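Engineer: Prediction below, plus the sequence it came from.
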Amino acid sequence: MFQVRIHGRGGQGVVTAAEMLSVAAFAEGRHAQAFPSFGSERTGAPVVSYCRIDDREIRTREPVMVPDCVIIQDVTLINQVDLFSGLAPDGYVLVNTSRSFDELGIGDLFNQFHHDHLLTCPATELALEHVGRPLPNAALLGGFAALTHQVTIGAIDTAIRERFLGVVGERNAAAAAEAYKIVMQEEETADAATN
Amino acid sequence: MLRQIEGSRAVAETVALCRPEVVCAYPISPQTHIIEAVGVMVKSGELAPCEFINVESEFAAMSVAIGASAAGARAYTATSSQGLLFMMEAVYNAAGLGLPIVMTLANRAIGAPINIWNDHSDAMAVRDAGWIQLFAETNQEAADLHVQAFRLAEELSVPVMVCMDGFILTHAVEGVDMLDQSTVDAFLPPYEPRQVLDPDSPVSIGAMVGPEAFEEVRYLAHLRQLDALDRIPVIAAAFEEATGRRSGGLLSTYRTDDAETIVVALGSVLGTIKDAVDIRREAGERIGVVGITSFRPFPFQAVRDVLCGARQVVVIEKAFSIGFGGVLATDLSLALHGTDCTLRSVVAGLGGRSITRLALEDLFATAARGQLEALTFLDLDHGVVERERERMMATRRSGPSAENILRDLKAPRRVGAKEKS
């Protein structure tokens, strides 16, 4: 089972991201379960959502305690929430930022994990460019596909267009496709540096 | 068709396939997504003919459902927690009048302290009202139970409450094999009311009944619930024949055949329990699971048949009767009366506290060693409780306990103090 935890703030599509990811995995014939952290949703408040992907029926109803991947939609949460709780040393992290880990003040953390598992994606910029609104969730899913290979970018594309119809779906899918390319390139660079 | 869909949405679309003629509800978390989705389907004409009636409260919602049902319409509503309590008087009336209303209860804790998260306090608060109460383990079962609920309710003229865990199920997106209209139409015949308010053929419904007949009316209601014990498995079998899917029934079993320890629970926590049981099985423990689907009527005989071979029964429930103990555990103790089976009651998951697989594995290990107490509160922070007790002892004006405890949890603890975070 592959478990994902998504951190962001109310209004950034954190719950929608987990749902779309589950739809993408489902489109590829896998079992998937998405759910939000339950609470009173308020715009701007820290929000967490979860997605599990497996090849067999998912029965558990506990929150994701030991994520295989953490997606961080909003870097301002870094000093506010324990974003990396339960994450294994070989776990994946995808951060929505155009800055480096050092610039974000988490360079030390970066050194604790596999370098090719910790990547950044300028998802907000991509969203502004393609969608015209600072909603990074769809772009980050493109980055997630590149980082973890748990789902294909094709399935992410399908899920986004299922959720957002017409031109909005088109633009979000374009943002995801570009994020996919960027993260694939980062990954190759990180691999080259490791080898 | 198998779809990746939110639990609330799956229930709303399935309810629409049941062709309700009147839907009336008042929003309350975590039920709201269901009724919003039904409302959209009525407005778009996708669900027709159907009247969606906006009401000013849950009391009005159930009262409208009663009126609609008495007028011969198939009526549906949904609620949670305080909403259920607010309609309590009408909840009893619906059952007392024998009106086959179907209601989704998205289970949520009851305040005070106010809490929007999941537990089963709301369902337990109305267990004696005369409604049939069916608990869903998954969103698939939640959807399927609604179709069975309308058929059961209308066959027996008894209202049925489908209980599904708030947030945990209602807000989870997972695969649900959705029924189609022709399957539901073939399974669920049009509503033929046993009593109907008709101006051309006037009758009274709900007249005063004195001591001369009240007991008989109540006893008849009891008999109808006992009839449901026969009808629920028959309807589940018919549903399986129509859809190829096993859903509903009185109870479900998992790895119970040779089990020395059987864990019993209601609702979605059964999934996590099964995962924990698989791990204990790998370690060689003979342990199994029973899920109670029909909580009211309570299937005493079926429960006894499946549990009587076990040495120990561990009941995990998300509610308890304050000053008494586990509610489901009490029902089970009656079912097990006269057997050698030891009953252990565990209260867990109150107000949305996570029930984790690891905590369950520990619990089952303790049970296997014979060290589980008669009544246990899973993951209870005894330190917090003791400190509030001390504050109450220290001063008369100790203030509100809930707020004291929240403050206590935020306060820095002494290093090395043996507390839970």
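Structural biologist: All right, it came through fine.
Engineer: Pop out the phi and psi values for the residue of the stretch 1-150 of chain B found nearest chain A.
Structural biologist: In the stretch 1-150 of chain B, the residue that lies nearest chain A is B:Gln4 (3.7 Å; CB to the nearest CB). In short, each C-beta sits where N, CA and C put it, glycine included. Main-chain torsions, B:Gln4, degrees, to the nearest 10: phi -90, psi 110.
Engineer: Isn't it up against A:Leu21?
Structural biologist: No - B:Gln4 is not in contact with A:Leu21 according to CB atoms under 8 Å; the separation is 10.3 Å.
Engineer: higher neighbour count, these two?
Structural biologist: Between B:Gln4 and A:Leu21, A:Leu21 has the larger neighbour count (other CB atoms under 10 Å in any protein chain shown), namely 32 against 22.
Engineer: follow-up on the earlier one: mind listing the shared neighbours of B:Gln4 and A:Leu21?
Structural biologist: Common contacts of B:Gln4 and A:Leu21 (CB atoms under 8 Å, 6 or more residues apart in numbering or on different chains): A:Ala32.
Engineer: Next one, pLDDT for residue 92 please.
Structural biologist: Unless you meant another one, I'm taking chain A. If you check A:Tyr92, the pLDDT there is 95.
Engineer: oops, I was thinking of chain B
Structural biologist: In this model, B:Tyr92 carries a pLDDT of 98.
Engineer: That one sits in which helix or strand?
Structural biologist: helix B:88-96 (DSSP states H and E).
Engineer: can you check B:Val346 too?
Structural biologist: Short version: B:Val346 belongs to strand B:342-347, going by DSSP H and E.
Engineer: Setting aside sequence neighbours, what's the nearest residue to the residue in the stretch 201-350 of chain B that chain A sits nearest to?
Structural biologist: Taking CB to the nearest CB, chain A has its nearest neighbour within the stretch 201-350 of chain B at B:Gly271, 3.5 Å off. Distances taken as CB to CB, 6 or more residues apart in numbering or on different chains place A:Arg59 nearest to B:Gly271, at 3.5 Å, with adjacent residues excluded.
Engineer: Could you list the contact residues of chain A toward chain B?
Structural biologist: A:18-19, A:22-23, A:26-27, A:31-36, A:38-40, A:58-63, A:65 (CB under 8 Å from any CB of the partner chain).
Engineer: ok, of those residues, which come out buried?
Structural biologist: Among those, those buried by neighbour count (16 or more other CB atoms under 10 Å in any protein chain shown) are A:18-19, A:22-23, A:26-27, A:31-36, A:38-39, A:58-63.
Engineer: tell me the contacts of residue 10?
Structural biologist: The chain I'm using is chain A. A:Glu41, A:Arg42, A:Thr43, A:Gly44, A:Ala45, A:Val47.
Engineer: Hmm, no, I was thinking of chain B.
Structural biologist: Applying CB under 8 Å, 6+ apart, the residues near B:Ala10 are B:Arg3, B:Asn139, B:Gln140, B:Ala142, B:Ala143, B:Val176, B:Met178.
Engineer: quick one: which of those residues has the most company?
Structural biologist: B:Ala142 (30 neighbours).
Engineer: before we move on, the earlier item: bridged to the residue of the stretch 1-150 of chain B closest to chain A, which residues?
Structural biologist: With DSSP bridges as the criterion, B:Gln4 is bridged to B:Gly175.
Engineer: Pull out the buried positions in the lowest-mean-pLDDT helix or strand in chain A.
Structural biologist: None of the helices or strands of chain A scores lower by mean pLDDT, DSSP states H and E than helix A:107-112, at a mean of 77. Buried residues in helix A:107-112, counting neighbours by 16+ other CB under 10 Å, are found at A:Leu109.
Engineer: can you list the residues of chain B near chain A?
Structural biologist: Residues of chain B lying near chain A (CB under 8 Å from any CB): B:4, B:6, B:30, B:116-118, B:165, B:167-168, B:171-175, B:268-269, B:271-272, B:274-275, B:352, B:354-358.
Engineer: Just the buried residues of those residues.
Structural biologist: Buried among the residues of chain B next to chain A (16+ other CB under 10 Å): B:4, B:6, B:30, B:116-118, B:165, B:167-168, B:171-175, B:268-269, B:271-272, B:274-275, B:352, B:354-357.
Engineer: Show me what the lengthiest helix in chain A is packed against.
Structural biologist: In chain A, with assignment by DSSP state H, the single longest helix is helix A:166-194. Counting contacts by 3 or more CB pairs under 8 Å, 6 or more residues apart in numbering or on different chains; DSSP states H and E, helix A:166-194 is packed against strand A:118-121, helix A:123-130, helix A:137-148, helix A:153-163.
Engineer: would you turn these into a markdown table with mean neighbour count and mean pLDDT?
Structural biologist: As requested, those are exported to a markdown table (neighbours: other CB atoms under 10 Å in any protein chain shown; pLDDT from 0 to 100):
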| stretch | mean neighbour count | mean pLDDT |
| --- | --- | --- |
| strand A:118-121 | 24 | 92 |
| helix A:123-130 | 22 | 96 |
| helix A:137-148 | 29 | 97 |
| helix A:153-163 | 21 | 97 |
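Engineer: what would the ones you listed look like in a markdown table with distance to B:Ile316?
Structural biologist: Formatted as a markdown table, these follow (distance: least, CB to CB, whole Å):
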| stretch | distance to B:Ile316 |
| --- | --- |
| strand A:118-121 | 39 |
| helix A:123-130 | 41 |
| helix A:137-148 | 34 |
| helix A:153-163 | 35 |
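Engineer: out of those, nearest to B:Leu372?
Structural biologist: The closest approach between B:Leu372 and any of the helices and strands packed on helix A:166-194, judged by CB to CB, belongs to helix A:137-148 at 40.5 Å.
Engineer: Between the contacts of B:Ala10, which sits nearest B:Phe86?
Structural biologist: B:Ala142 (23.1 Å).
Engineer: still on that earlier bit, look at the residue of the stretch 201-350 of chain B closest to chain A and report its pLDDT.
Structural biologist: B:Gly271 is given a pLDDT of 98.
Engineer: ditto for A:Thr97
Structural biologist: 94.
Engineer: give me phi/psi at the most centrally placed residue in chain A?
Structural biologist: In chain A, the C-alpha closest to the average C-alpha coordinate belongs to A:Ile71, at a distance of 3.8 Å (CA atoms, centre = their mean). Main-chain dihedrals, A:Ile71, degrees, to the nearest 10: phi -110, psi 130.
Engineer: Next, format the contacts of A:Gly10 as TSV and append neighbour count, secondary structure and pLDDT.
Structural biologist: TSV is the format used below for the contacts of A:Gly10 (neighbours: other CB atoms under 10 Å in any protein chain shown; DSSP: H, G, I helix; E, B strand; the rest coil; pLDDT from 0 to 100):
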residue	neighbour count	secondary structure	pLDDT
A:Glu41	14	coil	67
A:Arg42	11	coil	79
A:Thr43	9	coil	84
A:Gly44	11	coil	87
A:Ala45	11	coil	89
A:Val47	25	strand	93
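Engineer: which of the residues you listed lies closest to A:Ile156?
Structural biologist: Nearest member of the contacts of A:Gly10 to A:Ile156, counting by CB to CB, is A:Val47, at 20.7 Å.
Engineer: Bridged to the closest one, which residues?
Structural biologist: Beta-bridge partners, per DSSP bridges, of A:Val47: A:Gly8.
Engineer: now swap in the one 4 residues further on and tell me
Structural biologist: Applying DSSP bridges to A:Cys51 gives these bridge partners: A:Val4, A:Ala34.
Engineer: ok, now which ones touch B:Leu409?
Structural biologist: B:Leu409 sits next to B:Val384 when contact means CB under 8 Å, 6+ apart.
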